[in-house]
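> Structure for this input, please:
(one chain, ligands or ions: 2)
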Amino acid sequence: MRITEIREKTVSIASPIANAFIDFSKMTCSVVAVITDQIRDGEPVIGFGFNSNGRYGQGALMRERFIPRLMEADPETLIDATNANLDPFAIWDRMMINEKPGGHGERSVAVGTLDMAIWDAVAKIAGQPLYRLLAERYRSGVADDKVWVYAAGGYYHPGKEITGLKDEMRSYRDRGYRVCKMKIGLAPLAEDLKRIEAALEVVGGGQNLCVDANGRFDLKAALAYAEALEPYGLHWYEEAGDPLDYGLQAEVSKRYGGRMATGENLFSHQDARNLLRYGGMDAERDILQFDCALSYGLVEYLRTLDGMAEAGWSPRRVVPHGGHQMSLNIAAGLHLGGNESYPDVFQPFGGFADDVRVEDSLVGLPDAPGVGFERKAALYALLKRELLD
Ligand SMILES: O=C([O-])CC(=O)C(=O)O
Ligand SMILES: [Mg+2]
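Ligands and ions are numbered 1, 2, ... in the order given. Model (predicted):
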């Protein structure tokens with residue numbers, strides 16, 4: 001059993017939206033195909049991956065380091081003999097050979113993208129949906145059959161007035177989402193409060209609205225927002241300050257009475273552990289948002305979850321960033337607390353299988369081998385066009 005070829009391409013996911021820190025006018029994304037010599041239904045097994053959103057395509061790192069390391073390895077060393085399958089852990093170790101510790105940045109995205117494709121191939125070789133394979137290997141067999149999801153959007157957009165924001169939030173609610181998320185921090189506080197109050201008119205109360213500052217605030221601004229937000233009783237207040245400023249997070253956690261969420265820009269189990277050690281977050285109340293695609297993949301995610309358990313955190317406190325099917329599989333298979341969803345933005349990467357409906361903010365997963373990319377027609381068409389044709 002061996003990987004015969006790995007292909008990668010950078011594609012555009014540009015759009016006119018902006019959060020408090022970046023606009024997405026030049027946003028790109030890596031897509032990869034890991035082609036194996038295994039045959040299922042008369043076709044070679046191919047695993048697909050992509051790098052979520054918000055970090056740019058990582059083709060150069062893959063081409064120069066990670067793909068050659070895998071292709072130069074003795075194929076026997078990348079096999080899981082017990083399960084007669086590829087070994088994602090051996091593959092991860094091989095990709096990370098001669099990489100120094102620390103400084104987790106763009107390489108974690110390159111490795112996370114390849115790792116997604118490896119797990120897709122592993123589940124396809126096993127003939128199982130990934131969430132079931134994960135539940136069998138790591139959670140005594142039973143996957144969740146439904147995952148809680150919330151609708152993320154509420155971006156700043158040229159020409160989008162308050163009525164546009166309300167229409168957007170209403171349309172998420174009409175599509176079965178209970179909790180919705182909107183951006184804050186690009187407008188001044190007073191204007192953001194008007195936007196929040198408008199959204200609250202349509203989502204049915206503070207418990208149904210999250211706000212996301214995308215790491216924009218210094219301590220003073222983060223606290224000013226915390227004080228202004230607290231009376232609304234929001235579902236959560238996300239990424240107030242710089243993702244690595246655990247001191248700021250600890251101070252805001254201490255002063256804000258509601259739930260906080262962060263972690264989408266922490267890319268290693270060491271960074272996640274530092275957040276839990278020094279960020280003052282509450283294991284009974286707060287939410288962690290690590291995204292496997294950005295943070296060295298599922299192999300590293302398992303280490304992050306182990307670190308959380310050691311610190312007394314349940315996996316139910318994790319609701320990953322990214323709105324993609326890989327995190328949805330991890331959520332169902334490893335019993336996380338839910339998953340982000342982008343009903344409208346970052347298409348065709350955001351969103352789940354075409355025939356999956358959201359009901360009362362819950363989604364099921366398709367009964368298809370792998371991650372389920374083939375069950376999302378627009379995404380599968382893109383992967384095929386860019387990587388296989
Ligand atoms: O705007 C972004 O970069 C995405 C984001 O923060 C989220 O989905 O929470
Ligand atoms: Mg966010």
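> Show me the strands in the chain, by range?
3-12, 28-40, 43-50, 79-80, 85-86, 147-152, 180-183, 209-212, 236-238, 260-262, 287-288, 339-341, 362-363 (DSSP state E).
> buried set for stretch 100-120?
Going by neighbour count (16 or more other Cβ atoms under 10 Å), the buried part of stretch 100-120 is 104, 106-120. All C-beta spots, glycine's among them, are computed from the backbone N, C-alpha and C.
> Skipping its backbone neighbours, what lies nearest the residue in the stretch 251-389 of the chain positioned nearest to ligand 1 in space?
Nearest residue of the stretch 251-389 of the chain to ligand 1, counting by Cβ to the nearest ligand atom: H321, 5.1 Å away. Among residues not flanking H321 along the chain, E264 sits closest, at 3.5 Å (Cβ to Cβ, 6 or more residues apart in numbering).
> count of neighbours near I39?
Residues lying near I39 (other Cβ atoms under 10 Å) number 9.
> Nearest spatial neighbour of it, chain-adjacent residues omitted?
V45 (7.2 Å).
> In contact with that neighbour, which residues are there?
By Cβ atoms under 8 Å, 6 or more residues apart in numbering, V45 lies in contact with 36, 38-39, 121, 124-125.
> Closest one of those to ligand 1?
A121 (26.9 Å).
> Which residues are in contact with the closest one?
With Cβ under 8 Å, 6+ apart, A121 has these contacts: 34, 36, 38, 45-47, 86, 370.
> at 10 Å instead, please
Shown in contact with A121 (Cβ atoms under 10 Å, 6 or more residues apart in numbering): 3, 33-36, 38, 44-49, 85-86, 88, 91, 370-371.
> cool, and P243?
214-215, 249, 262-267, 271, 275, 279 are the contacts of P243 under Cβ under 10 Å, 6+ apart.
> hmm, try it at 8 Å
Counting by Cβ under 8 Å, 6+ apart, P243 touches 215, 262-266.
> Show the pLDDT at it.
Here the pLDDT value assigned to P243 is 98.
> Could you check what's spatially nearest to it, not counting adjacent residues?
Counting by Cβ to Cβ, 6+ apart, the nearest residue to P243 once its immediate chain neighbours are dropped is N265, at 3.7 Å.
> For D389, see how far away the residue nearest to I39 is.
Between V45 and D389 the distance is 18 Å, computed by Cβ to Cβ, to the nearest Å.
> Also E264?
Shown here: E264 relative to D389, a distance of 33 Å by Cβ to Cβ.
> So for these two, which sits in the more crowded spot?
E264 (24 against 5).
> so what pLDDT did the residue nearest to I39 get?
Predicted confidence (pLDDT) for V45: 98.
> and what of the one 3 residues further on?
In this prediction, F48 carries a pLDDT score of 98.
> For it, list each beta-bridge partner.
With DSSP bridges as the criterion, F48 is bridged to A33.
> what's around it, how many residues?
Neighbours of F48 (other Cβ under 10 Å): 26.
> quick one on the thing from earlier: any chance of JSON lines for the contacts of P243, columns pLDDT and distance to ligand 1?
Below are the contacts of P243 laid out as JSON lines (pLDDT from 0 to 100; distance: Cβ to the nearest ligand atom, whole Å):
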{"residue": "G215", "pLDDT": "98", "distance to ligand 1": "9"}
{"residue": "T262", "pLDDT": "98", "distance to ligand 1": "10"}
{"residue": "G263", "pLDDT": "98", "distance to ligand 1": "10"}
{"residue": "E264", "pLDDT": "98", "distance to ligand 1": "6"}
{"residue": "N265", "pLDDT": "98", "distance to ligand 1": "8"}
{"residue": "L266", "pLDDT": "98", "distance to ligand 1": "13"}
